[in-house]
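Undergrad: Any chance you could fold what I've pasted below:
(2 chains)
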Amino acid sequence: MHRFARTTSRLIAGIAVASIVATACAGQPGGGPEPAASAETPQKGGRIIEGSFADIKTLNPMLTNDVPSSNVTGRIYEPLYLPDPKTGEVKPNLGKWTISSDGLTYNWEIDANASWSDGKPITGEDYLTDVKAIARSKATVRKSNYELIEGFNDYCVGPATCKGTATAISGIQVDKSNPKKFSVKFTKAFCPALVNAFGTTAGPLPTHIFGKYTVDNDPTKNIDAAPENTAPTVASGPFKFKEWRKGDQVILERNDTYWKGPAFADQYIFKVVADSTVLAAQLKTGEINYGTIEAKDFDDIARQENLKISEYQNLGYTYIGWNTKSAGAPALADKRVRQALAYGLDMDLVVKQILFGHGTKMVQHHPPVSWAAPDPKTLNQYPLDKAKAEDLIKQAGYAKGSDGFYAKEGKTLEFSIVANSGNKVRETLLQVATEQYKGIGVKVNPKLEAFETMVDKLTNGNQEIQGWIIGWSLGIEPDPYGIWHSSQIPDPAKKTTGFNFGAFTAPGFDKAMEDGRSPANGDCSQAARKKNYETFNKTLNDEQPYNFGFSDNRIAVTPKSMRNFDPGPFSTYWNIEKWWFKQ
Amino acid sequence: MRSLKYILRRLLYAIPTLLAISILTFALSRLAPGDPVRLFTFGATDLTQQDIEALRHTYGLDQPAPVQYGDWLWSAVFFDVGRPPSLASQSILYHRPAAGLLFERLGNTLQLALAALLLQLLIGVPLGVIAAFKRGSLTDKFVRIFAVSGHALPTFWLGLMLIYLVSVNLRLLPSQGLLTIGHDQWDIPDRLRHILMPAFVLALAGIANYSRYLRTETLEVISQDFIRTAHAKGLRERTVIVSHAFRNALIPVVTALGGILAVLVSGALIVEQVFTWPGVGQFTYAAVRSKDYPIVMAGVMFASTLLVLSYIIRDIAYSVVDPRIKAS
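TA: Residues are numbered from 1 along each chain as shown, chains lettered A, B, ... in the order given. Below is the predicted model of the structure:
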């Protein structure tokens, strides 16, 4: 989802960005059919060279907050679990787990063969080192993922909820008889805990390297300035650190002690390139051999005999949001008007024209490939229907004036929509929306602003914003609380910020989200949670607080000679140790 | 002794100049809308309000602007003397001292600037002298047209066109970065292949300037009596040009070198961006976009200090060449 780079880079970093579509067409040929990989014998050697628009910031997973850093640290540090690349189902990886009957305690056992690249075993103590480092760090953005661990708030420093008085985290216990085993006790059953507290950025950190930076009885000591943050000395993943040429490339080399067996590729290199055009050009010349291109470059790349395209839907979407409490645009508070705005914009055409067909129209929050998404047949798809749109506007009490626009009590049905300048996709969507809404008698005042200005206004609840175009990039954990719960409505008067920019609420809406993350009976099964998310998505589908826009496809490009590259919406690198090049 | 006093006086004058620049940069960066913590945590929906506030407190962003400035000044300039280390001069995104991060990239920028300077001298100077001696000829006209167009071409456009032509179509030179993947840091030929295009683009305006400048200076010199005398003595044309005309025409150019290097370093921003050259300019530009204030401050102060110092060096060089300047 690099098109949303500015948005996505602030994702719940480290989570393997997922994308979707059951109709994903992995392995589309660029020039002709590739040989069947199964009949071939893997060969060692070669370099995986990934192109990126930005350099990494850190090589410590607990400090990452951007996609490049997460991508590279994810190759060095192994996570406890991995999501299934196609379904998002969370599966054991470095560790396997069981959950106590009350849903409060997770018992983990790390693989017996798992060791650091210097030969030392990976143990439960290494997980504890990671959590302690996060608790005492002043720079990490991950504390909230752990605050429900018993004793965490007594140990941590920083936010108001942290006391920093304890010298241990009581909820984490490492088995003395078998240090590979450890347990983590939470203060309440919380379904996102598995993904959040044991995820890709919460893997074990080597105690013998980082343990010294966090001092139990001195809360002022932390890991933030450790030299190993930029030059890690040991690895648990398939590659270990070799060199970081700042601003240019990061070089990792094969970890021969990797617990799943050494990778086939000699090196993984992360190379910085200027933009999408350069990335496409370098894929063609072979200067890089893995990258994600934009839809505009699809046809050009598809013509290349030596390249292969893997396309799948992204776990995110670009939308037009409506401020449902705007004093300047009261029409947006009316559900009928918002529904009219869904009927009045031909999003299928937008997908076809702006994304060249490489995307999907969205009518709800969770993308179709997410297990939390309801059956599309149960949702209103809002096909283009201008007559119905105008009918809904009339039902809301508006009458068409001589200027072609609807009005009520002398006030024209008009509002502004702002998009961030420089993002061509969003700028074009803004133009199309302005034109098409004019066609149903709604006047849009288009505006462009710098991304940082928009972020400031949106998160602070600035009421100048009436409509806006931006994107969400979602993780493997579908909990929508942080975006949609009423507690997340920013309030300038109280100086509170949040991501429910449009101040949307509806009866039963909050409860559906609360039950989806903390069910009363502690049942965190997908089936149990899905019911709540069906209610949640159907409310959104009916109320249309956003025009949910579209979800663009992720278009990954590799050479045809690369084998076993099999990305899915929920993970790209899940089998990177098995990627190999046919000589 | 008088020279030393002159130098010290100039250095003393530089302090309020740099202080004023730092206040202006600090104020402008804070006045621009946007908050770095909100920007880099945008979309991190699991963060709580307390987390955001704690992060803002960590970087001192919850303090009044004058306090923040004083904190930065004490941290960046006086290295936190007399107090516990502060994060005021640490990058918000990299969690490391901004000056150190900049220093890591300084070598790349200096390489580019020096390569550009070399090209300016090697191409611009001979072009100017040749044009002067062949005044009115086709060569002279070509140099003059080149000088005008070289000055007028936008660097980003020229860079992109060269990438398209030389790298994508002809595949003669690499388009991006410092080194080819797999090549050692000290692979000088590979490094030269990478630096050639960005250095040329960065140098072009200077080449144009030098050729015009040298042409004018040389024309002035060759009309003087001592050149006529040299000719009258029967010296060869080559000797007249190299030993008499060229050396005299070059004096002002040499004295201006310091200033030109500073202009090249600060002017490398766009070129570094186009060619993904990992230098100070590219790094500072990225910091401006992400509102990483300490890096912005460090980048601007570095360029400003270099510029101020280079002007001092230039003035000193002038004073050495022409004592009348010092006297005034």
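Undergrad: For stretch B:206-216, list every residue counted as buried.
TA: The neighbour-count check on stretch B:206-216 (16 or more other CB atoms under 10 Å in any protein chain shown) flags B:206, B:207, B:208, B:209, B:210, B:211, B:212, B:213, B:214, B:215 as buried. For glycine as for every other residue, the C-beta is placed from the backbone atoms N, C-alpha and C.
Undergrad: whoops, I mixed them up, stretch A:360-380
TA: Neighbour-count burial for stretch A:360-380, counted by 16+ other CB under 10 Å, picks out A:360-370, A:372-374, A:379.
Undergrad: Could you single out the nearest of these to chain B?
TA: Among these, residue A:365 lies closest to chain B (CB to the nearest CB), at 11.8 Å.
Undergrad: can I assume the closest one is in contact with residue A:535?
TA: No. The pair residue A:365 / residue A:535 is not scored as a contact, 12.0 Å apart, by CB atoms under 8 Å.
Undergrad: Quickly note the distance from residue A:311 to chain B.
TA: Residue A:311 sits 24 Å away from chain B, going by CB to the nearest CB, to the nearest Å.
Undergrad: one step back: and the furthest pair within the buried residues of stretch A:360-380?
TA: A:361 and A:372 (18.4 Å; CB to CB).
Undergrad: coming back round to it: now the buried residues of stretch B:206-216 in a markdown table, with secondary structure and distance to chain A?
TA: Converted to a markdown table, the buried residues of stretch B:206-216 look like this (DSSP: H, G, I helix; E, B strand; the rest coil; distance: CB to the nearest CB, whole Å):
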| residue | secondary structure | distance to chain A |
| --- | --- | --- |
| B:206 | helix | 23 |
| B:207 | helix | 24 |
| B:208 | helix | 25 |
| B:209 | helix | 27 |
| B:210 | helix | 29 |
| B:211 | helix | 30 |
| B:212 | helix | 32 |
| B:213 | helix | 33 |
| B:214 | helix | 34 |
| B:215 | helix | 36 |
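Undergrad: Next, residue A:208: phi, psi?
TA: phi -70, psi -10 (degrees, to the nearest 10).
Undergrad: contacting residues for it?
TA: The contact partners of residue A:208, by CB atoms under 8 Å, 6 or more residues apart in numbering or on different chains, come to A:116, A:120.
Undergrad: same question, residue B:137
TA: Taking CB under 8 Å, 6+ apart as the test, residue B:137 contacts no residue whatsoever.
Undergrad: How about the contacts made by the closest residue to residue B:150 other than its chain neighbours?
TA: Counting by CB to CB, 6 or more residues apart in numbering or on different chains, residue B:208 is the residue found nearest to residue B:150 once chain neighbours are left out, at 3.3 Å. Residues in contact with residue B:208, defined by CB under 8 Å, 6+ apart, are B:124, B:146, B:147, B:148, B:149, B:150, B:151.
Undergrad: Let's verify residue A:250: helix, strand, or coil?
TA: Secondary structure, DSSP: H, G, I helix; E, B strand; the rest coil: residue A:250 is strand.
Undergrad: My read is that it contacts residue A:75, right?
TA: No. Using CB under 8 Å, residue A:250 is not in contact with residue A:75; the gap is 9.5 Å.
Undergrad: which residues of the stretch 51-200 of chain B score low on pLDDT?
TA: Within the stretch 51-200 of chain B, not a single segment meets pLDDT under 70.
Undergrad: ugh, typo on my part, it should be chain A
TA: Within chain A, the stretches with pLDDT under 70 are A:1-38.
Undergrad: ok, residue 149 - how many residues close by?
TA: This is for chain A. Counted with other CB atoms under 10 Å in any protein chain shown, residues neighbouring residue A:149 total 23.
Undergrad: hmm, I had chain B in mind actually
TA: 11.
Undergrad: and if you look at the one 3 residues further on?
TA: Counted with other CB under 10 Å, the burial measure for residue B:152 works out to 9 neighbours.
Undergrad: Next: residue B:157.
TA: By other CB under 10 Å, neighbour count at residue B:157 equals 11.
Undergrad: do residue A:187 as well
TA: Residue A:187 - counted by other CB under 10 Å - has 14 other residues nearby.
Undergrad: Contact partners for it?
TA: Going by CB under 8 Å, 6+ apart, residue A:187 touches A:104, A:148, A:149, A:150, A:171.
Undergrad: any idea how far residue A:100 is from it?
TA: Computed with CB to CB, to the nearest Å, the distance linking residue A:187 and residue A:100 is 13 Å.
Undergrad: Now do the contacts for the residue sitting nearest the centre point of chain B.
TA: The residue lying closest to the centre of chain B (CA atoms, centre = their mean) is residue B:265, at 1.4 Å. Contact analysis of residue B:265 by CB under 8 Å, 6+ apart lists B:109, B:110, B:113, B:280, B:281, B:303, B:306.
Undergrad: and residue A:471, which of the three is it?
TA: Going by three-state DSSP: residue A:471 is strand.
Undergrad: Surely it touches residue A:319?
TA: Yes. With contact defined as CB under 8 Å, residue A:471 reaches residue A:319; the gap is 7.1 Å.
Undergrad: More neighbours: the two, which one.
TA: residue A:471 (25 against 21).
Undergrad: May I ask you to name the longest helix in chain A?
TA: Assignment by DSSP state H gives helix A:526-543 as the longest helix of chain A.
Undergrad: That helix: what's the following helix or strand?
TA: Heading C-terminal from helix A:526-543, the first helix or strand you meet, by DSSP states H and E, is strand A:546-559.
Undergrad: just how off-centre is that next one within its chain?
TA: Strand A:546-559 sits 13 Å away from the centroid of its parent chain (CA atoms, centre = their mean, to the nearest Å).
Undergrad: Okay, now the sheet partners of that strand, with direction.
TA: Note on strand A:546-559: by DSSP bridges, its sheet partners are strand A:291-293 (antiparallel), strand A:307-314 (antiparallel), strand A:316-322 (antiparallel), strand A:359-361 (antiparallel).
Undergrad: Could you dump the buried residues of stretch B:206-216 into JSON lines and include pLDDT?
TA: Converted to JSON lines, the buried residues of stretch B:206-216 look like this (pLDDT from 0 to 100):
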{"residue": "B:206", "pLDDT": "84"}
{"residue": "B:207", "pLDDT": "88"}
{"residue": "B:208", "pLDDT": "88"}
{"residue": "B:209", "pLDDT": "84"}
{"residue": "B:210", "pLDDT": "83"}
{"residue": "B:211", "pLDDT": "87"}
{"residue": "B:212", "pLDDT": "86"}
{"residue": "B:213", "pLDDT": "83"}
{"residue": "B:214", "pLDDT": "84"}
{"residue": "B:215", "pLDDT": "88"}
